[in-house]
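Student: need the 3D shape of this:
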Amino acid sequence: MARPAASPLPENSGLCFLGEPPWHPGVLPARPARTLAAAANPSGRDNHEILRRFVGASPAGRVETWQIDFPPGLTAPEAALYTGPFTRLRSRPPTATAGPFWDNPHRHEALRRALARLDRYCAAPRAGPVPDWDWIGSDQLPADTLLVVARDDDFTAGVLRSSGFAAWWAQFGPGPASPLVVDSFPFPWPPATALSSLTSRQQE
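Tutor: Take a look at the predicted model:
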């Protein structure tokens with residue numbers, strides 16, 4: 001029997017995202033990432049500026065790697081100031097993209113803008129039978145194995161961890177879950193409502 005359809009709610013727009021697919025030429029295990037981070041550049045540039053922790057989910061639990069992540073729009077001379085990362089990407093097999101080899105084609109700009117305003121965000125594995133939400137620091141990029149809610153307040157986290165949302169996930173969450181599961185969920189009040197706009201009872 002087909003699951004009932006769910007429709008996104010306007011007040012939930014921009015709240016939930018899928019993480020980014022890994023950009024395989026730029027993905028690094030922890031040890032080479034530490035080596036690159038510690039390497040000095042003749043330009044004086046710090047490689048920490050273009051290395052990001054990259055977190056995802058697997059059946060065994062959280063998966064953490066690193067990713068070379070140059071800002072968009074850098075010219076070749078600008079990117080080459082980070083000698084080790086630039087050389088590593090140049091030696092890797094190219095991806096099927098028209099952009100320069102140092103440019104991550106999987107950047108999710110809307111997601112990154114939303115997370116840049118936060119200290120942390122809520123994320124849950126997409127493939128879970130029940131939502132297992134956890135806090136992740138906003139300095140870590142989420143992989144596309146995670147469903148991401150761009151909020152850092154305890155109220156939103158509490159609603160997402162409630163039995164009511166778990167029942168909604170079971171009823172409407174396609175497998176693997178998509179942002180529509182959150183986009184269609186009727187929160188007690190719109191998620192963007194300022195705390196100062198709530199009644200004392202609502203704040204409690």
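Student: where in the protein is pLDDT low?
Tutor: For the chain, applying pLDDT under 70 flags the ranges 1-5, 94-97, 173-176.
Student: again, only this time at 90
Tutor: 1-7, 58-62, 92-99, 127-131, 155, 170-178, 180, 189-204 (pLDDT under 90).
Student: and the strands in it, which stretches?
Tutor: Per DSSP state E, the chain carries strands over the ranges 16-18, 27-28, 51-58, 61-68, 120-125, 134-137, 140-142, 146-149.
Student: got the buried residues for the fourth one?
Tutor: Of the residues in strand 61-68, those buried under the neighbour-count criterion (16 or more other C-beta atoms under 10 Å) are 65-68. Backbone N, C-alpha and C define where each C-beta goes, glycine included.
Student: mind putting the strands of the chain into a markdown table with distance to Thr87?
Tutor: Output for the strands of the chain, formatted as a markdown table (distance: least, C-beta to C-beta, whole Å):
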| stretch | distance to Thr87 |
| --- | --- |
| strand 16-18 | 31 |
| strand 27-28 | 13 |
| strand 51-58 | 14 |
| strand 61-68 | 11 |
| strand 120-125 | 33 |
| strand 134-137 | 29 |
| strand 140-142 | 22 |
| strand 146-149 | 30 |
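Student: most tightly packed of these?
Tutor: Greatest average neighbour count among the strands of the chain goes to strand 146-149 (a mean of 26), per mean count of other C-beta atoms under 10 Å.
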